[in-house]
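*Asks:* Sequence first, then the predicted structure, then my questions.
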Amino acid sequence: MPVDVRVNRVTTDVRVTDVSSLLTPRALDKIVAATLERLAAERRKQRGTQRDRALRPCHERKPRH
């Protein structure tokens, strides 16, 4: 059996939170450290790729194993 309900007043609390404040300093440190390591790995990879693609005389090339 349906019942009609009338609400005359609704009260609520709304809080606005800055998303950046939700990260603890420790979590933020971990994110920064992981990001820096990823960037360093990418730079190492790019340097290796550049070395592999560099044109040099045969006598300067590293021997393959």
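*Replies:* Sure, I can see it.
*Asks:* And the most centrally placed residue in the chain, which helix or strand is it part of?
*Replies:* Central residue of the chain (CA atoms, centre = their mean): Thr35, 6.1 Å from the mean position. Here Thr35 sits within helix 25-53, counting by DSSP states H and E.
*Asks:* now Arg56
*Replies:* Using DSSP H and E, no helix or strand contains Arg56.
*Asks:* ok, it - how many residues close by?
*Replies:* The burial count assigned to Arg56 is 9, neighbours taken as other CB atoms under 10 Å. All C-beta spots, glycine's among them, are computed from the backbone N, C-alpha and C.
*Asks:* For Gln46, see how far away it is.
*Replies:* Going from Arg56 to Gln46 by CB to CB, to the nearest Å gives 18 Å.
*Asks:* what residue ranges in this structure score low on pLDDT?
*Replies:* Low-confidence segments of the chain (pLDDT under 70): 20, 58-65.
*Asks:* Distance check, Met1 against Leu55.
*Replies:* From Met1 to Leu55 the distance is 87 Å (CB to CB).
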